[in-house]
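Enquirer: predicted structure and sequence below. I'll ask about it afterward.
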Amino acid sequence: ETGASSRADGPTTMPTVPVPQVADPTEWTLAQGIQAVRERSVTVVDWAQACLRRIRSYDGILQAFNAVPEDQVLEAARALDAAPRRGLLHGAPLALKDNYATRGLLTTANSLIFQEWIPDFDATSVTRLRAAGGVVLGKTQMGPLATTRATTPDGTRTTVNAWAPGDDSVSPGGSSSGSATAVAARLAPSSTGTQTGGSITVPSAAQGLTGLKPTMGRVSLNGIIPLTYTRDHPGPIARDAMDAALMLQVMAGSDPRDPRTQGLPPVPDYLRAATPPRAGSLRWPITIGVIPDFFDEGEDGENRARARARREMLDTFGRLGAVVREVYWPEQWETLTSFDLNNVRLPERTEPFIQYLKEDVRLFGVSLSPWINGLLLSGDEYLKGQRAKLALLDRILFTFFSDCDVVALDNHLAFDMVGLPLMSFPIGFDDASGRRLPLGGLIGGRPFGEERLLSLVAAFQSVTEYHQARPDDPTSAGDRPDRELDPSAAAPGLGSGRGGARPPLRLRIHDVDLEGE
């Protein structure tokens, strides 16, 4: 089999999954919860209320969410309980990163620019998630305009890592911090993120989750507040490969409002890819390339736990039947992935926000400098960077993927630069610091090779239990300040959220006006 079976015109069917007999629905994976709703062993309202209870109990400490519209959540849940099964995600409460436009719900990107913006339309991904029966549980904290780990515009840290909630020095990951913490802490079964520089795969690795950054164009960016035109990738943050496949199956596909999604290979059956023929078996033969220095322990062995986990990961892949072989760095690798060439993304960051830079640079808070730097990069430098990016893509395809289907990587940078798919998944734990923190593996694929990534991770998770580990619940509400999550108010640190003196600002995103068409 080639692994390229396209999605039929009819609906894709989720395989039956066993549902653990637990009293708390928040312990279920996304697939298990959907199955429970399908079997009528739980109502959509029950599932949603269980998530809302955990949010009320623990989000004052974790600060994963910007807004949780409880009335809207329960209204949508009741409507689904009263309706025939709508789609793949029927009844699933989902957390959305706060740069996805959501109709009738504050969308701020944790930025002063959007502190008062309540869209009258949904981003394409949100439209598809709702149409499949998903319930928008709330909007998650993020780095201002997706630039850092979750903070307020003045740089005050908000979201914490669910595995170390009392220690701000343990990073929750990149700008999709809130989405990852919400899933890791069982406040939501799955969430959405965006990745421009690691912000799906890094939070997933940091919090023991399974994150999938699809190929550029596989998921529409329409209605998502942009960071860069050529490197933004929407994708799921989930607990395991099946849950990631469920989310991607719904989110993926052509969208006339985003030209980057047009003329691409058909969307395949990701659920089939994420279902091993049997435990411990691969759906397709897979050859995995391993980069040089993959097992580097660093100075004084500070990365010894990571190196050990990576060896065990590859040993497991070998036992599953995968062929594991060394690959070599492509020619001019260090130059093509250098800081200077990577920085050509900055003018793309600046371009949509020129009007705001002219109006008041204070709107950008602590993340101002990259936008200013984008103004200063010359046209010839930008063109040189774009040419270098094509050269990098060519070298990756003809060096890494000449004999391999998947490559095991130590970081996300190169694959983010050229828009290739990445998947992060839990492979072990590091106990060296005195606390148990997750370790993540990272694999990259060919263009539109998400099927192979999902099938490999699903087979790995069929014989390992790292993805089933959960952090302890926070024990002290005094660790973080409590706060109310009011859907009509702005994110913490953003001001009143409504009725400010400044008039509403307008931003065109991929031919869509964020204030409506």
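Expert: In hand now; what should we look at?

Enquirer: and the strands in the chain?
Expert: 65-67, 93-97, 135-140, 190-195, 210-213, 233-238, 287-290, 323-326, 406-408, 422-430, 437-445, 508-509, 512-513 (DSSP state E).

Enquirer: what helices or strands is the fifth one leaning on?
Expert: Using 3 or more CB pairs under 8 Å, 6 or more residues apart in numbering; DSSP states H and E as the contact criterion, the neighbours of strand 210-213 among helices and strands are helix 201-206, strand 233-238, helix 241-251, strand 422-430, helix 450-461. Backbone N, C-alpha and C define where each C-beta goes, glycine included.

Enquirer: tabulate the ones you listed (CSV), appending mean pLDDT, distance to Asp168 and mean neighbour count.
Expert: Converted to CSV, the helices and strands packed on strand 210-213 look like this (pLDDT from 0 to 100; distance: least, CB to CB, whole Å; neighbours: other CB atoms under 10 Å):
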stretch, mean pLDDT, distance to Asp168, mean neighbour count
helix 201-206, 97, 13, 31
strand 233-238, 98, 21, 30
helix 241-251, 98, 28, 28
strand 422-430, 97, 18, 25
helix 450-461, 98, 30, 26
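
Enquirer: so which of the ones you listed is nearest Gly155?
Expert: Taking CB to CB, helix 201-206 is the member of the helices and strands packed on strand 210-213 nearest to Gly155, at 18.7 Å.

Enquirer: chain center to that closest one, what's the gap?
Expert: With CA atoms, centre = their mean, to the nearest Å as the basis, helix 201-206 stands 9 Å off its chain's centre.

Enquirer: so what touches it?
Expert: With CB atoms under 8 Å, 6 or more residues apart in numbering as the test, helix 201-206 has contacts from 161, 171-174, 176-177, 179-181, 193, 195, 209-211, 213, 237, 412, 422-426, 437-442.

Enquirer: mind giving me TSV with the helices and strands packed on strand 210-213 and columns for distance to Asn222?
Expert: Shown next, in TSV, are these (distance: least, CB to CB, whole Å):
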stretch	distance to Asn222
helix 201-206	23
strand 233-238	10
helix 241-251	12
strand 422-430	22
helix 450-461	20
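
Enquirer: still on that earlier bit, which of the strands of the chain sits most buried?
Expert: For these, average neighbour numbers computed from mean count of other CB atoms under 10 Å are highest in strand 210-213, which has a mean of 32.

Enquirer: now that strand: average pLDDT?
Expert: The average of the pLDDT scores along strand 210-213 is 98.

Enquirer: I'd like the numbering to begin with 45 instead of 1 from here.
Expert: With 45 as the first residue, the last one maps to strand 254-257.

Enquirer: so what touches it?
Expert: Defining contact as CB under 8 Å, 6+ apart, one finds that strand 254-257 is touched by 224, 237, 239, 244-245, 247-249, 277, 279-285, 287-288, 291-292, 456, 459-460, 465-470, 494, 497-498, 501, 505, 511.

Enquirer: which ones are touching the closest residue to Ala208 other than its chain neighbours?
Expert: Leaving out its chain neighbours, the residue that sits closest to Ala208 by CB to CB, 6 or more residues apart in numbering is Val214, at 3.8 Å. Applying CB under 8 Å, 6+ apart to Val214 gives the contacts 204-205, 207-208, 479, 481.

Enquirer: could you point out the longest helix in this protein?
Expert: Selection of the longest helix in the chain by residue count, based on DSSP state H, yields helix 88-106.

Enquirer: that one vs strand 179-184, what angle?
Expert: Counting by axes from the mean of the first three to the mean of the last three CA atoms, to 10 degrees, helix 88-106 lies at 10 degrees to strand 179-184.

Enquirer: buried ones in helix 88-106?
Expert: Across helix 88-106, burial judged by 16 or more other CB atoms under 10 Å covers 88-89, 91-96, 98-99, 102-106.

Enquirer: what angle separates it from strand 137-141?
Expert: Put simply, helix 88-106 runs at 40 degrees to strand 137-141, going by the same axes, to 10 degrees.

Enquirer: then helix 88-106 to CSV, C-alphas only?
Expert: Provided in CSV are the C-alpha atoms of helix 88-106 (Å, rounded to 0.1, in the frame of the first residue of the first chain):
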residue,chain,number,x,y,z
VAL,A,88,-22.6,16.0,25.4
VAL,A,89,-23.7,18.3,28.2
ASP,A,90,-22.1,15.9,30.8
TRP,A,91,-18.8,15.9,28.9
ALA,A,92,-18.8,19.7,28.6
GLN,A,93,-19.7,20.2,32.2
ALA,A,94,-16.9,18.0,33.3
CYS,A,95,-14.4,20.1,31.4
LEU,A,96,-15.9,23.3,32.7
ARG,A,97,-15.6,22.0,36.3
ARG,A,98,-11.9,21.3,35.9
ILE,A,99,-11.4,24.8,34.3
ARG,A,100,-13.1,26.4,37.3
SER,A,101,-11.1,24.3,39.7
TYR,A,102,-7.6,24.6,38.2
ASP,A,103,-7.3,27.4,35.6
GLY,A,104,-6.7,30.0,38.2
ILE,A,105,-3.4,28.2,38.7
LEU,A,106,-2.7,27.0,35.2
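
Enquirer: against which helices or strands is that helix packed?
Expert: helix 74-82, helix 114-125, strand 137-141, strand 179-184.
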